[in-house]
Structures are given as structure tokens and as C-alpha cells.
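Visitor: Based on what follows, work out the 3D shape:
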Amino acid sequence: MHADRLIAVAREATLGGEDGAGILTDHHRRLRAQQVVGVIAAPGVTCEILPKIEGLGASDDAVSRTQIRERLIHMLAVAHDLDLAMGPLTTLGVQRYSLLELLITRFCEMLTDALRHGMPRRYVGHVEDLPTLRGRRDVQRQFTMLAASPQRLACQFDALSSDIALNRLMKAVVTRLAQVSGSVANQRRLRELAYIYADVAAVPATALRWDEIVLDRTNARWGALRDLARLLLRGDYQTTAHGRAPGFALLFAMNDLFEAYVARMLARALKGSDLHVVAQDRRLFCLSEPDGARRFQVRPDILVRRGTETLLVIDTKWKRIAARIDDPKQGVSQADVYQMMAYGRLYACPQLMLLYPHHGGLHAAGETGRYRVTGCADALTTATIDIAQGEGIAARLLALCAAVAPGRATPGSVAQALQA
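Guide: As a prediction, this is how the structure comes out:
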């Protein structure tokens, strides 16, 4: 019964597809997760899906699960540019928390800290009929709607109010998280926050006015909270299911998360040099018709560029690459090779890389193979990066790119970035 409820929620989630098989597949007595991570909550049951990260132990061990959550939270923080610094998650109580509960905890901490400096308020326009004049008179309304009530004055005025779009967003998040949290401590925090927002209008998540949320120098500290709220409430990867499948799904496609994480870490590494990273470039197409129409748009994961020149094209793949001794092709798919050849031609870039997560079946992280594309000077490199080691990932990515495209950076730029 619990499995059926989880599959029903997965079917309603954005990443699930029509039958939910994009998230969970039913294998009679067990469920198998696909290339997604996160949390699915249905009435009476919560399922946490964690990635398999080599070097962090077995996923069925409590300490290892905590380490994997730490690494996953770090990846989410980097990929989505969020403030999710939570410190070491090593206490026994925290080890029992799921990813969702940890994110709820962090949200409550950040919101409580922000509210200590005061709830945001803005001047909001009001139209009221009052016994005495306040602000300016609405002449048209006074002599039409109130023509028979001269004792009432049609007033237009601005008043400082906390019932604004930003506070409505925070209340909506608090309300939604209170419905899905299973932690006693988080429920207590959320009740306290709900009391603070009692005078703010309750607005459904689908009716929130994101365009009315204004951040300026007076409330800039709320920017990180707004971004985390977006992730929890209506981010690209999150779906709140309704109707036949009541529940909550906070899910991330691991391929997309790995790609965004690598892109941002590499961008950090190249900061201060003459190189920059472009993620998900969509400028080029494979084919053009005689009338100028373009077809088959390409979207490489990562470009390393100097000015308008593309020096390196990287495509990330969240799957295990095989050792050469086991498979001469290392498990690299033919479709991936064709795709990289197309990138090399379209971007006039001779250096191409397929990047995978490292695993224990390989000798060491870094290059696993280097190939020459037949008939041209393009080179395709396969490589891995060890994401289990949180420290120094940016430097390792930079060193890997420098090894693949030697001499492509200006003198000192790689050393400069490595020091950063």
C-alpha cells in the first residue's frame, strides 16, 4: 500500500512522466529509483532517494547516509547558488533526518534569523471610506458611489504594511512545509513561524506574485531565503501533487545536478583568469533550410571560452565509466561520441571531453582515455572527477582542463585560478 502511494505521487511529479517510471519503477516487492535524488512524501510514508557517491561508504549505513546528504546538500547549494551552510551533520539526531527535513531545518533557521532584524514592510495603497479624511479624496467615487452618504469620505492613502508579496511567499512556504514535515522539532519551529505570519494573507502557491517581490538595499538579506523558498515551493525540480495523489515531491535529476555543479565549480576555478564558462549554450543548430530556418538545436553542457573562442567542450554524464581492462570502449555510448563530434564541428573546437563521476573500480580520478577523431585534428578525452572529496574540486577540475588543452590559457591564468 505504501509503495502504491509513493508511485501515485511519482506519477504526478514533473520528472515522473506519464506513469511515474522516470522516478520509481515497481519490481513487485521492491521499488527501484531512477536517475533522480530527493524525497517523495505520501500519506503515512516518506521515501528518500540518495545518490550513490563512491568513497562515502555504503548507503545502508547511518553515518554514510549522513555523509552522502552532506555532499548532496553541498552540490545543491553550488548548483542553485543557495546558502545551505549547515555545518557537519554528525550528531545522532541529525543522522535520522532526511534531506527534506534538513532543508526545512535550514529554512527555519534562516527565516528566524532574518526575522530578528524585523519583518519586511512596504507602503501599500489603500482605498477606504472613512468618517474623516486620510490621504487624498477620491472625488469620482465620492460623488458616485457615496453620493447618498456624505458622512463617509472616499479616501486614497498609502500605509506601511507587512502584507506584501515577500511575506506572503514566506507564509506559503511555512504552511506547505508544516504539512509535509515529520520532525517534531521542525513542526515546533514552523508553528512559531506561522504565528509570526498570522496577519499576512494566505495565498496558494500557484497564486503567488513572484514579480511583485522587490529586493533592495533595505531587504537584500532576504534574497537567499527567496531562492531557497523557490526551490522548496515551486522550483523546476519540485512538484506538489494534488487530486488523486496527495503528497509532496522534492526531486532533482542527477544528470542535471551533476552538470550544474561541475559548471559552477569550474566557473569558480576560472574566476580571475581570461577564461570563462558558458553552461547550456543554445546558439547553434545542426541544420539550416534554404529559407534560413534552423533545425536541431544543440545544447552542450559546458563550454570553456576565451572571448568568443571556444577552447573546450565538456559533456557531463552521471553514470559509471568502465575501466579499459573491462571494456575497451569504457562503456561510452556511440550516441555520446556522435554528439561530441557534432559539437567539435559546430563550435570549431578541437578539444572535447566526456566527464563522469569517479568510482572505486578505476585506478585514480582524472583522464581515463584520449582519442583522436578520425579525419580531423579534434581530440576526445574521457575523464572522471571525484565528488566525494569536497575540498579542492575546483582546482582538480581546472587541472584536468589544463591537461586536456595545454597551452590554451594565457600565461599564469591557470596558476592564478589554482591559487584561488
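Visitor: pretty sure A229 is touching K171, no?
Guide: No. If you go by C-beta atoms under 8 Å, A229 and K171 don't touch, sitting 10.3 Å apart. (Each C-beta comes from the backbone N, C-alpha and C, glycine too.)
Visitor: okay, these two: which has more neighbours?
Guide: Between A229 and K171, counted using other C-beta atoms under 10 Å, the more crowded position is A229 (26 against 22).
Visitor: I'd say V313 and C349 touch.
Guide: Yes. Counting by C-beta under 8 Å, V313 does reach C349; the two are 5.2 Å apart.
Visitor: which residues in the stretch 101-250 of the chain form strands?
Guide: 122-130, 136-137, 153-161, 238-239, 248-253 (DSSP state E, counting those that start in this stretch).
Visitor: Show me the helices in the stretch 101-250 of the chain, by range?
Guide: Under the criterion DSSP state H, counting those that start in this stretch, the stretch 101-250 of the chain contains helices at 139-142, 165-180, 184-196, 223-234.
Visitor: Which among those is found nearest to H117?
Guide: Nearest to H117 among the helices of the stretch 101-250 of the chain is helix 223-234 (11.9 Å), distances taken as C-beta to C-beta.
Visitor: now what about the closest one, what contacts it?
Guide: If you take C-beta atoms under 8 Å, 6 or more residues apart in numbering as the criterion, helix 223-234 is touched by 76, 80-84, 103-104, 106-107, 110-111, 114, 166, 169-170, 172-173, 176-177, 205, 208, 210, 213, 215, 237-238, 240, 250.
Visitor: mean confidence score for it?
Guide: Averaged over helix 223-234, pLDDT sits at 86.
Visitor: in that helix, what's buried?
Guide: Across helix 223-234, burial judged by 16 or more other C-beta atoms under 10 Å covers L225, R226, L228, A229, R230, L231, L232, L233, R234.
Visitor: Packed most tightly, which of the helices of the stretch 101-250 of the chain would that be?
Guide: helix 165-180 (a mean of 21; mean count of other C-beta atoms under 10 Å).
Visitor: Now do that one and helix 184-196, the angle between them.
Guide: 140 degrees (axes from the mean of the first three to the mean of the last three C-alpha atoms, to 10 degrees).
Visitor: before we move on, back to that, who's more crowded, V313 and C349?
Guide: Taking other C-beta under 10 Å, V313 and C349 do not tie; V313 has more neighbours (28 against 21).
Visitor: Now do the helix or strand containing A335: everything it contacts.
Guide: Using DSSP states H and E, A335 maps to helix 334-346. With C-beta under 8 Å, 6+ apart as the test, helix 334-346 has contacts from 284, 286, 298, 300, 313, 315, 317, 349-350, 352, 354, 373, 376, 378, 380.
Visitor: per-residue confidence for the spatially most central residue of the chain?
Guide: Note on the chain: the residue nearest the mean C-alpha position is H80, at 4.2 Å, using C-alpha atoms, centre = their mean. Note on H80: pLDDT of 87.
Visitor: Could you pull up the contacting residues of D301?
Guide: E259, V262, A263, A279, Q280, I314, D315, T316.
Visitor: ok, back up a step: return the most buried member of the strands of the stretch 101-250 of the chain.
Guide: Comparing these by mean count of other C-beta under 10 Å gives strand 248-253 as most buried, with a mean of 24.
Visitor: next one: that one to chain centre, how far?
Guide: Centroid separation between strand 248-253 and its chain, computed with C-alpha atoms, centre = their mean, to the nearest Å, is 10 Å.
Visitor: Then stretch 333-353?
Guide: On C-alpha atoms, centre = their mean, the centre of stretch 333-353 falls 27 Å from that of its chain.
Visitor: Show me what counts as buried in it.
Guide: Applying 16+ other C-beta under 10 Å to stretch 333-353 flags 337, 339-344, 346-347, 349-353 as buried.
Visitor: mind saving the C-alpha coords of it as PDB?
Guide: The C-alpha trace of stretch 333-353 is given here as PDB (Å, rounded to 0.1, in the frame of the first residue of the first chain):
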ATOM      1  CA  SER A 333      27.900   5.100 -25.900                       C
ATOM      2  CA  GLN A 334      28.100   5.600 -29.600                       C
ATOM      3  CA  ALA A 335      25.500   8.300 -29.400                       C
ATOM      4  CA  ASP A 336      27.600  10.300 -27.000                       C
ATOM      5  CA  VAL A 337      30.600  10.100 -29.400                       C
ATOM      6  CA  TYR A 338      28.500  11.300 -32.300                       C
ATOM      7  CA  GLN A 339      27.200  14.200 -30.200                       C
ATOM      8  CA  MET A 340      30.700  15.300 -29.200                       C
ATOM      9  CA  MET A 341      31.800  15.100 -32.800                       C
ATOM     10  CA  ALA A 342      29.000  17.400 -33.800                       C
ATOM     11  CA  TYR A 343      29.900  19.900 -31.000                       C
ATOM     12  CA  GLY A 344      33.500  19.900 -32.200                       C
ATOM     13  CA  ARG A 345      32.500  20.700 -35.800                       C
ATOM     14  CA  LEU A 346      29.800  23.400 -34.900                       C
ATOM     15  CA  TYR A 347      32.000  25.200 -32.300                       C
ATOM     16  CA  ALA A 348      35.200  24.800 -34.300                       C
ATOM     17  CA  CYS A 349      36.700  23.400 -31.100                       C
ATOM     18  CA  PRO A 350      39.400  20.700 -31.300                       C
ATOM     19  CA  GLN A 351      39.200  19.700 -27.600                       C
ATOM     20  CA  LEU A 352      36.300  17.600 -26.400                       C
ATOM     21  CA  MET A 353      35.700  15.900 -23.000                       C
END
